[in-house]
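Return atomic coordinates for the entry below.
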Amino acid sequence: MQGKKNYQEKLFTSFRLSDRIPKENFYRRLKEALNLEFLYPLTQKFYGDSGQKSIDPVVFFKICLVGYLENITTDRGLMNHCAMRLDILYFLGYDVDEELPWHSTISRTRQLFPEDIFEEVFTKVLKLCIDAGLVSGHTQAIDSAPVKANASMDSLEIKVPAEDLEEHLSKVRVQSSRDRKAKENKASEEQQKITASKKELQEIKSRNKKWSQDQDMRPGAKNKGSRYTSNKTHYSPTDPDARISVKPGKARKLNYLCNLAVDIEANVIT
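Next up, the predicted model:
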């Protein structure tokens, strides 16, 4: 006889999440192997003694790890993905009827911790891998790849010589009605100064003359003027770590250069 499944919501149910996750499941095995208890004393100084409780720092870093493992780059998409996966809920320590943190909470928490906290977590996890015999230390494979920066080509500033900034800008910088200035210039003083040769400076001067014919022209990625930009002549005030990069047939973009070293014993990132 042919079967037909009819779904009807139950008012009461008996359900144990741990019973639904197979023993060989990756996140179940990771939960048993990964101990992040050291995060509590490490992050204690970033919280007050009163007020509403924050997201558990261990849960936050586990969510960041899930985002990396699942290749999800947005916090909103990451939290939606976590809510749909029983094994990830088990890994995070949440039951099926518990509400996960909001995506905005993840974004704010990421901004709360300084860079050295994330490096400390990486170092601790690497030590766990070494203790488990996953890192031989014999041969390292190193490669690099561009990673898209969260910065706009429209925010680029022209590097200036070591003289009065406003005096120089009034002479060479093209001011336009659409000119957008960064609220805060995060670049170092050294990065703001030009390193181009006399020949390149002459090219900048001729370019500015061409740009002055169209006051609304900005060196954005979709603008033909972007081909005149380079790291020797321009910098990003909003994201000093970003660099202008280009591939044949592609528009110039702001990227980070990510260098990665991997121990070939078990492909552990070192």
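
Look up the pLDDT of residue 227 for me, please.
Residue 227 is assigned a pLDDT of 62 by the prediction.

wait, residue 209
66.

Then residue 154?
In this model, residue 154 carries a pLDDT of 81.

isn't there a helix covering it?
Yes - checked against DSSP: H, G, I helix; E, B strand; the rest coil, residue 154 lies within a helix.

Could you measure from it over to residue 254?
10 Å (C-beta to C-beta, to the nearest Å). Quick note: C-beta positions are derived from backbone N, CA and C, even for glycine.

between these two, who's got more neighbours?
Comparing residue 154 with residue 254 by other C-beta atoms under 10 Å, the one with more neighbours is residue 254, at 24 against 15.

Quick check: the more buried one touching residue 236?
Yes - using C-beta atoms under 8 Å, residue 254 makes contact with residue 236 at a distance of 5.9 Å.

what is in contact with these two at once?
149, 151, 242 (C-beta atoms under 8 Å, 6 or more residues apart in numbering).

how far away is residue 7 from residue 89?
21 Å.

Compare the two and say which is more crowded by neighbours.
More crowded of residue 7 and residue 89, by other C-beta under 10 Å: residue 89, with 20 against 4.

Show me what counts as buried in whichever strand or helix holds the more buried one.
Residue 89 belongs to helix 86-92 when elements are defined using DSSP states H and E. Counting neighbours by 16 or more other C-beta atoms under 10 Å, one finds that the buried residues in helix 86-92 are 87, 88, 89, 90, 91, 92.

Helices of the stretch 151-270 of the chain, residue ranges please.
165-172, 189-192, 198-211 (DSSP state H, counting those that start in this stretch).

tell me, which of those is the model least confident about?
Averaging pLDDT over each of the helices of the stretch 151-270 of the chain puts helix 165-172 lowest, since it has a mean of 60.

any idea which of the shared contacts of residue 254 and residue 236 is least confident?
Of all these, residue 151 has the smallest pLDDT value, namely 83.

burial measure for residue 79, as a count.
21.

By average pLDDT, which secondary structure element in this protein comes out worst?
helix 165-172 (a mean of 60; mean pLDDT, DSSP states H and E).

Doesn't residue 136 belong to a strand?
No - Residue 136: not assigned to a strand; according to three-state DSSP it is coil.

Nearest spatial neighbour of it, chain-adjacent residues omitted?
What sits nearest to residue 136 in space, not counting adjacent residues and going by C-beta to C-beta, 6 or more residues apart in numbering, is residue 265, at 3.9 Å.

so how far is stretch 28-35 off the chain centroid?
With C-alpha atoms, centre = their mean, to the nearest Å as the basis, stretch 28-35 stands 25 Å off its chain's centre.

ok, residues contacting it?
21, 22, 62, 87, 90, 91, 125, 128, 132.

Check which residues of it are buried.
28, 31, 34.

Dump the C-alpha coordinates for it into CSV.
Extracted C-alpha coordinates of stretch 28-35, given in CSV (Å, rounded to 0.1, in the frame of the first residue of the first chain):
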residue,chain,number,x,y,z
ARG,A,28,30.2,16.6,17.3
ARG,A,29,33.9,15.5,17.2
LEU,A,30,35.0,19.1,17.1
LYS,A,31,33.0,19.9,20.2
GLU,A,32,34.7,17.1,22.1
ALA,A,33,38.2,18.1,20.9
LEU,A,34,38.1,21.9,21.1
ASN,A,35,38.3,23.5,24.6
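
just the helices in the stretch 1-150 of the chain please.
Under DSSP H, counting those that start in this stretch, the stretch 1-150 of the chain gives helices at 17-20, 26-33, 39-43, 57-69, 75-84, 86-92, 103-112, 115-131.

So which of those is nearest residue 137?
Closest approach to residue 137 among the helices of the stretch 1-150 of the chain is made by helix 115-131 (8.1 Å; C-beta to C-beta).

Check which residues of that closest one are buried.
In terms of neighbour count (16+ other C-beta under 10 Å), helix 115-131 has its buried residues at 117, 120, 121, 125, 126, 129.

And the last one, how far from residue 258?
Relative to residue 258, residue 129 is positioned 20 Å away (criterion: C-beta to C-beta).

If anything else comes up later, I'll come back, but that's it for now.
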